[in-house]
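Participant: Quick one, fold the following:
(one chain, ligands or ions: 1)
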Amino acid sequence: METARYLLLLNPKSPSWSDVSGGHNRLRWEDIAVALSMGNLNQLSYVLARTKYCQDSSCAESLVKLVSGLVKSLAKKGQWRARGTLLTKLAQLACYESLQTSHCPACRGRGLRRNGMECDECHGSGRKPMSARSRYRFAGIDKRNWERRWQHRYEDVFRHLCDAENQALSHLSWQLHSDS
Ligand SMILES: [Zn+2]
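Facilitator: Now for the predicted structure:
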C-alpha cells in the first residue's frame, strides 16, 4: 500500500525507517516542509502533516484550533448537545490519536493482510487504534453515554483527520516524485 509506505518513510520515529528507505532516498524534514508548501494543499492537511512529519510543535496548537472548529461545526450540523469542554476534549483526542505513531501489530503498519486484503484490526489505516476505554476516559464520558451517543460522532471527527492525512500523503508523494 503506497500510503502506508510513505507513512513509514516519512516518520523518523518509525522503526522501519531504514528498512523502507533502504539506505538511500532519505528525506529530511526540510524537504517535506517545502513539498507541503507547494501547490494548494488544504489547511488542515498542511497543518497536520507539518506537525506530524516535520515534528513542528508550533503547528500543534493551530492543529487543535482547526480541529476544534471542525468539531463545533459538526456539532452544530448534527445538533449534538455537549456540556462544558466536551467538544474541545474530542478535538484534542482526535489530534492526539492522529499524531500518535504506533503501528497496528496485526499488519505491522501496512494496512493489508498477507493475502492483500484490508487488515481487519485497523481497517487499512496501519495504525493501532486506541481502545474505546481510553477514548471515553480522555473525553470524560461514561461508557454508556459514549457507546450510545459519542462513539460514532467521534469516529466521524477522526475520519476527517484520516482523510486530511491521506490527502497530505498523496500531495507529498506527487510533489516529492515530480522533481526527481
Ligand atoms: Zn492493521
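Participant: and the top helix by length along the chain, what does it pack onto?
Facilitator: In the chain, taking DSSP state H as the definition, the longest helix is helix 151-178. Judged by 3 or more C-beta pairs under 8 Å, 6 or more residues apart in numbering; DSSP states H and E, the packing partners of helix 151-178 are helix 2-10, helix 29-37, helix 43-53, helix 57-78, helix 86-99, helix 132-139. In short, each C-beta sits where N, CA and C put it, glycine included.
Participant: Skip the chain neighbours and tell me the closest residue to the residue most central in space within the chain.
Facilitator: Geometric centre of the chain, nearest residue: residue 98, 3.3 Å, by C-alpha atoms, centre = their mean. Nearest residue to residue 98, sequence neighbours excluded (C-beta to C-beta, 6 or more residues apart in numbering): residue 161, at 4.3 Å.
Participant: my guess is the one you found meets residue 96, correct?
Facilitator: No. Taking C-beta atoms under 8 Å as the definition, residue 161 is not a contact partner of residue 96, at 10.4 Å.
Participant: which one of these two has more residues nearby?
Facilitator: In this view residue 161 and residue 96 are compared by other C-beta atoms under 10 Å, and residue 161 has more residues nearby, 22 against 13.
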